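J.: Give me a model of this one.
(2 chains)
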Amino acid sequence: MENSRKKKKTVTRRAFLQSLSGGAVGAGVASRVLGKEPRSIQSGPGEMEVFSSKRIALTVNGKKVGFETEPGETLLQVLRDRLRLTGTKRTCNRGECGGCTVLLDGKPVYSCHILAIQAEGKDILTIEGLASGDKLHPVQQAFIDKDSYQCGFCTPGFIMSSVALLDKNKQPSLDEIKAGLSGNLCRCGNYQKIHAAVAAAADAMRRG
Amino acid sequence: MNSFQYGKPTSLEQVTSFLARENANVFVMAGGTDLLGEIKEGLIEPDLVIDLKAVPGLAYIKKEKDAVAIGALTAVADLAEDPMIRQDYRVLVEAAKVIASPQLRNMGTVGGNLCQRPRCWYYRDARVVCSKKGGSKCYAEKGRNKYHAIFAGGICYAVYPSDLAPAFIALEAIAVIASPQGERTIPLAEFYAPPIVNVRKENVLGKQEVVKEIRIPLAKKNEKSTYQKFIERGSWDFAVVSAAVKAALSGATIEDIRIVCGGVAPIPWRLKKVEAALKGKKATESEARKAAKIALAEAAPLAENGYKIELLETMIARAVVALGK
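T.: Sure thing, here's the model as predicted:
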């Protein structure tokens, strides 16, 4: 009796996390059930096309991919949950921190703050597409050489922003590096080493 | 995000006729940087989101005979980097390059920046039904109001957050607005309306109207312009206070000047009395501060935002001094 009571009180880390995720799923389902369903709007002949879901194709890291998407799905969700490209991180999910940065037609964007349906026909580059075979991109190599990460969660986003910056500016000053990376946050505060990596990568890329 | 339908138009006529047909909960999206935030935060629950980026030919910067025409869907980053804009309209470049982050400037558009909603923390909290959301009062008035208006508050003290709006108004920009009936033009200064006109929105855009283009007069040789923005963080943020200034100078003497400020009122705030006081004066810090005090006497700060009065004087002074640089 005494024993079983004790057992009930014991909470393992795994069970605790499972209960949390169960709660989160439950809350998600509840809000869908309680929240109002969108009114269905039809479009007539000659009018704007209206979609509740749409099959789209885009290029991710050089490969054509196609899938059915609903308008409320973000590009980030598609990359992580469907294509299993989990290098792109979901962090703030509100277009502020830069952890989800990918290149869309060569320009850095927050993938959490773009609808997948808007990326139809676009060319997306994620952290997984940077290396050529076993050879890392110079920015990736510089982040290793300069010890430019601590927890590492923001790193893929910083690397994508750095690649975009160096694509436009081969020899950025420190101020230009800071401005180019201003859309990415590092909560470990490793900025000095991140900036050093970008400068080192710029040198390496100029040397070829 | 909650589910909604997605509209993919091929022309602006399709957009405006659809807006005219539908009653509510249909939203147009340009870059989506603000709209998706509003959906995620639960401030709006659209039935349908119309993607303006699907319409071809709305992103351009063209020098015409009498004006420079900027398509509403032009990315903020493209505005900041355009060679002709960089040469003739410093105020636009200085404003555009300090808007949000590189990622948001790539997605965000000129038209979207001019139509964005306020950042007031009561407005942005879906649980708070303030006057802007159909409630009976402004919670900032007697609540936390560090970032709120010092001019033209009352029904609502949320400040208008756009950096491009003061810059374009300083340049005497005109908005071209499309509707099913065709197009109309309106000075951008008259595009914004204070809470007393309609507290639920910040502009006079009708429900079936969409901003199509912004036009600015060709720059004159003796004209100078600048944008000064004060933010609390080193990297990027919305303006606490900003000042956009365009002036015609004869040597160091100000022949004509327009001063439009951000972060101080529910709409971009023009300081006509300060402009009048500066005409014929030298473009110096002391003259600017003396003139700025005229407007500041009319400010009505709340409990926590009195500091904006001094800050505004300083932003005006910095802008006037920067004209000569």
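
J.: Name the nearest residue to the residue in chain A that chain B sits nearest to, ignoring sequence neighbours.
T.: Of the residues in chain A, the one nearest chain B is A:Gly183, at a distance of 2.7 Å by Cβ to the nearest Cβ. In this view, the C-beta of every residue, glycine as well, is placed from N, C-alpha and C. Spatially, and ignoring its direct neighbours in sequence, A:Gly183 is nearest to B:Ser101 (2.7 Å; Cβ to Cβ, 6 or more residues apart in numbering or on different chains).

J.: List the residues that contact the one you found.
T.: When contacts are counted by Cβ atoms under 8 Å, 6 or more residues apart in numbering or on different chains, B:Ser101 is found next to A:Gly98, A:Ser182, A:Gly183, A:Asn184, B:Ser235, B:Trp236.

J.: Let's see that with 10 Å instead.
T.: A:95-98, A:101, A:108, A:110, A:161, A:179-185, B:33, B:108, B:235-236 (Cβ atoms under 10 Å, 6 or more residues apart in numbering or on different chains).

J.: do B:Arg270 as well
T.: Residues in contact with B:Arg270, defined by Cβ under 10 Å, 6+ apart, are B:Pro166, B:Ile169, B:Ala170, B:Ala189, B:Ala244, B:Arg258, B:Ile259, B:Val260, B:Cys261, B:Ala295.

J.: Give me the buried subset of those residues.
T.: Buried by 16 or more other Cβ atoms under 10 Å in any protein chain shown: B:Pro166, B:Ile169, B:Ala170, B:Ala189, B:Ala244, B:Arg258, B:Ile259, B:Val260, B:Cys261, B:Ala295, out of the contacts of B:Arg270.

J.: May I ask which of the contacts of B:Arg270 comes out lowest in pLDDT?
T.: In terms of pLDDT, the lowest of the contacts of B:Arg270 is B:Ala295, showing 84.

J.: Present the buried ones among the contacts of B:Arg270 as TSV; the columns should include distance to chain A and secondary structure.
T.: As requested, these are exported to TSV (distance: Cβ to the nearest Cβ, whole Å; DSSP: H, G, I helix; E, B strand; the rest coil):
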residue	distance to chain A	secondary structure
B:Pro166	22	helix
B:Ile169	26	helix
B:Ala170	24	helix
B:Ala189	30	helix
B:Ala244	21	strand
B:Arg258	28	strand
B:Ile259	27	strand
B:Val260	25	strand
B:Cys261	24	strand
B:Ala295	32	helix
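
J.: any idea which of those residues is closest to B:Leu312?
T.: When the buried ones among the contacts of B:Arg270 are compared for distance to B:Leu312, the smallest value, 6.3 Å, is given by B:Cys261; criterion: Cβ to Cβ.

J.: Of the contacts of B:Ser101, just the buried ones, ChimeraX syntax please.
T.: Remark: buried members of these, expressed as a ChimeraX selection using 16+ other Cβ under 10 Å:
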select /A:95,96,97,98,101,108,110,161,179,180,181,182,183,184,185 /B:33,108,236
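
J.: quick one: which of the contacts of B:Ser101 sit in strands?
T.: With strands identified by DSSP state E, the entries of the contacts of B:Ser101 that belong to them are A:Thr101, A:Pro108, A:Tyr110.

J.: can you put the buried ones among the contacts of B:Arg270 in JSON lines and add distance to B:Pro268?
T.: Compiled in JSON lines, those are given as follows (distance: Cβ to Cβ, whole Å):
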{"residue": "B:Pro166", "distance to B:Pro268": "5"}
{"residue": "B:Ile169", "distance to B:Pro268": "5"}
{"residue": "B:Ala170", "distance to B:Pro268": "9"}
{"residue": "B:Ala189", "distance to B:Pro268": "8"}
{"residue": "B:Ala244", "distance to B:Pro268": "8"}
{"residue": "B:Arg258", "distance to B:Pro268": "11"}
{"residue": "B:Ile259", "distance to B:Pro268": "11"}
{"residue": "B:Val260", "distance to B:Pro268": "5"}
{"residue": "B:Cys261", "distance to B:Pro268": "7"}
{"residue": "B:Ala295", "distance to B:Pro268": "14"}
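
J.: Give the helix, strand or coil label for A:Arg80.
T.: Three-state assignment for A:Arg80 (DSSP: H, G, I helix; E, B strand; the rest coil): helix.

J.: Show me which positions of stretch B:279-293 end up buried.
T.: B:Lys281, B:Ala283, B:Glu287, B:Ala288, B:Lys290, B:Ala291, B:Ala292.

J.: Tell me the secondary structure at the closest residue to the first one other than its chain neighbours.
T.: On the basis of Cβ to Cβ, 6+ apart, the spatially nearest residue to B:Lys281 that is not a chain neighbour turns out to be B:Glu287, at 4.4 Å. The local conformation at B:Glu287, judged by three-state DSSP, is helix.

J.: just B:Ile257 next, same as before
T.: Local secondary structure at B:Ile257 is given as strand here, using three-state DSSP.

J.: what residues are up against it?
T.: B:Ile257 neighbours (Cβ under 10 Å, 6+ apart): B:170, B:224, B:245-249, B:271, B:274-279, B:281, B:283, B:288, B:291, B:319-320, B:323.

J.: Just the buried ones out of those residues, please.
T.: With neighbours counted by 16+ other Cβ under 10 Å, those contain buried members at B:170, B:224, B:245-249, B:271, B:274-275, B:277-278, B:281, B:283, B:288, B:291, B:319-320, B:323.

J.: Look at A:Gly46 and report its pLDDT.
T.: Confidence score, pLDDT, at A:Gly46: 85.

J.: Next, B:Thr226: secondary structure please.
T.: Criterion first, three-state DSSP; result for B:Thr226: strand.

J.: distance of it from B:Ala244?
T.: Remark: distance between B:Thr226 and B:Ala244 (Cβ to Cβ, to the nearest Å) = 8 Å.

J.: Kindly report the same for B:Ile155.
T.: In this view, B:Ile155 and B:Ala244 are 25 Å apart by Cβ to Cβ.

J.: Ends of stretch B:156-168, what's the gap?
T.: Separation of the first and last residues of stretch B:156-168 by Cα to Cα, to the nearest Å is 24 Å.

J.: now do stretch B:126-145
T.: Stretch B:126-145 stretches 18 Å from its first residue to its last (Cα to Cα).

J.: same deal with stretch A:73-93?
T.: From the first residue to the last, stretch A:73-93 extends over 12 Å; the measure is Cα to Cα.

J.: and for B:Thr226 and B:Ala244, which residues touch both?
T.: Common neighbours of B:Thr226 and B:Ala244 are listed as B:Val91, B:Glu94, B:Ala95, B:Ala167, B:Ala170, B:Ala319 (criterion: Cβ under 10 Å, 6+ apart).

J.: So which of those residues is the closest to chain A?
T.: Closest to chain A out of these is B:Glu94 (13.4 Å), distances taken as Cβ to the nearest Cβ.

J.: Contacts only, for the closest one.
T.: In this structure, B:Glu94 makes contact with B:Ala80, B:Asp163, B:Ala167, B:Ser225, B:Thr226, B:Tyr227, B:Gln228, B:Lys229, B:Ser242, B:Ala244, B:Ala319, B:Ala322, judged by Cβ under 10 Å, 6+ apart.

J.: Just the element for B:Ala292, please.
T.: In this structure, B:Ala292 sits in helix B:285-296 according to DSSP states H and E.

J.: sorry, that was for B:Leu312
T.: B:Leu312 is part of helix B:307-323 when elements are defined by DSSP H and E.

J.: What residues sit buried inside that helix?
T.: Neighbour-count burial for helix B:307-323, with 16+ other Cβ under 10 Å as criterion, is recorded at B:308-309, B:311-323.
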